[in-house]
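[1] what follows is a protein structure lacking sequence information:
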């Protein structure tokens with residue numbers, strides 16, 4: 001079968017997005033989330049406790065969320081570009 005370049009490009013993009021989505025879902029479901037209610041918020045240093053919980057216990061999820069937000073920002077910039085037809 002001969003596919004034109006546009007079809008191949010779409011297939012490659014769909015495969016890339018699918019692989020990234022699979023990696024994201026695997027990362028989310030493979031992390032043991034723990035008990036969020038165990039975070040002590042009664043002291044004055046609650047920001048330290050929350051920060052340690054986020055980056056020690058949920059580090060992988062924070063990184064994956066950062067990558068997802070980066071992809072969303074890049075997609076928004078791509079969609080907001082104006083075509084120069086001059």
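    Arrived safely, thanks for sending. These figures come from a predicted structure and were not determined experimentally. Numbering: from 1, shown residues only.

[2] tell me the contacts of the most centrally placed residue in the chain?
    The residue lying closest to the centre of the chain (C-alpha atoms, centre = their mean) is residue 68, at 2.3 Å. Residues in contact with residue 68 (C-beta atoms under 8 Å, 6 or more residues apart in numbering) are residue 24. The way it works is simple: take the backbone N, C-alpha and C, and place the C-beta from them, glycine included.

[3] show me what counts as buried in the strand or helix carrying it.
    Secondary-structure assignment from DSSP states H and E places residue 68 in helix 59-80. Buried residues in helix 59-80, defined by neighbour count with 16 or more other C-beta atoms under 10 Å: residue 64.

[4] same check on stretch 23-36?
    By 16+ other C-beta under 10 Å, the buried positions in stretch 23-36 come out as residue 24.

[5] chain center to it: distance?
    Here stretch 23-36 is found 13 Å from its chain centre; the criterion is C-alpha atoms, centre = their mean, to the nearest Å.

[6] outside of that stretch, which residues touch it?
    Contact with stretch 23-36 is made by 53, 57-58, 60-61, 64, 67-68, as judged by C-beta under 8 Å, 6+ apart.

[7] tabulate these (CSV), appending pLDDT.
    Below are the contacts of stretch 23-36 laid out as CSV (pLDDT from 0 to 100):
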residue, pLDDT
53, 82
57, 84
58, 84
60, 85
61, 85
64, 89
67, 92
68, 92
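
[8] between those residues, which is nearest residue 80?
    Within the contacts of stretch 23-36, the smallest distance to residue 80 is 18.7 Å, found for residue 68 (C-beta to C-beta).

[9] what separation do you get for that closest one and residue 74?
    Distance from residue 68 to residue 74, counting by C-beta to C-beta, to the nearest Å: 11 Å.

[10] now the angle from the strand or helix carrying residue 29 to helix 59-80?
    According to DSSP H and E, residue 29 maps onto helix 5-30. With axes from the mean of the first three to the mean of the last three C-alpha atoms, to 10 degrees applied, the angle from helix 5-30 to helix 59-80 works out at 150 degrees.
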